[in-house]
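>>> Sequence first, then the predicted structure:
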Amino acid sequence: MAVREILRMGHPVLLQQAEPVIQFNTPELAQLLEDMHDTMIAANGAGLAAPQIGVSLQVVVFGVKDNPRYPDADQVPYTILINPLITPLKEEIEDGWEGCLSVPGLRGVVPRYSHIRYTGFDPQGTAIDRTVQGFHARVVQHECDHLIGVLYPMRMRDLRQLGYTSVLFPDRDELEDD
Ligand code: NI
């Protein structure tokens, strides 16, 4: 198990365009994926992108099952997604609260497409193709933004809706550790 340091907003790697993965099924990729999994679980994250641990590759992991940081969220199966591509399926935009392990202690309201299709590859290079909505769609859009150097505050339309988790949600003790 290797829990890696999570880079925080202000680190230049978080603003870079990540490179596509060229070779699948390699020991290096397996090690990266293991570290990303362990780091995400240790931080109670809903997802993690490789640039957040300093690796500028197009790799994201995500999954939500009884997550204390997102107690009201729908469940999302644990997924490894490489070289992802997102296609919005409707014009519809939904506002929702987001946090980010690279922006600890804060939450903000972010507009996201409500319905998307995403494609990409698993670690063996097998194609993934899913149509999703709601929180699942939000998590994928958030994580894939990390691959183009975008953090959620950069997507916000009203910065008055950015605040400290412990102030916005004082009754949610379990949310405070991000
Ligand atoms: Ni994030």
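Structure received.
>>> So which bits of stretch 141-149 are buried?
141-147, 149 (16 or more other Cβ atoms under 10 Å). C-beta: built from backbone N, CA, C; applies to glycine.
>>> which stretches of the chain form helices?
For the chain, the helices defined by DSSP state H occupy 27-42, 134-145, 165-168.
>>> from the chain's centre, how far out does the last one sit?
Relative to its chain's centre, helix 165-168 lies at 21 Å (Cα atoms, centre = their mean, to the nearest Å).
>>> C-alpha coordinates for it, CSV please?
Below are the C-alpha coordinates for helix 165-168, written out as CSV (Å, rounded to 0.1, in the frame of the first residue of the first chain):
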residue,chain,number,x,y,z
THR,A,165,-17.1,22.8,4.6
SER,A,166,-17.2,23.2,8.3
VAL,A,167,-19.1,26.5,8.0
LEU,A,168,-21.4,25.5,5.1
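>>> And it, what does it pack against?
strand 106-113 (3 or more Cβ pairs under 8 Å, 6 or more residues apart in numbering; DSSP states H and E).
>>> picking that back up, and the helices of the chain: which comes nearest Ala73?
helix 134-145 (4.8 Å; Cβ to Cβ).
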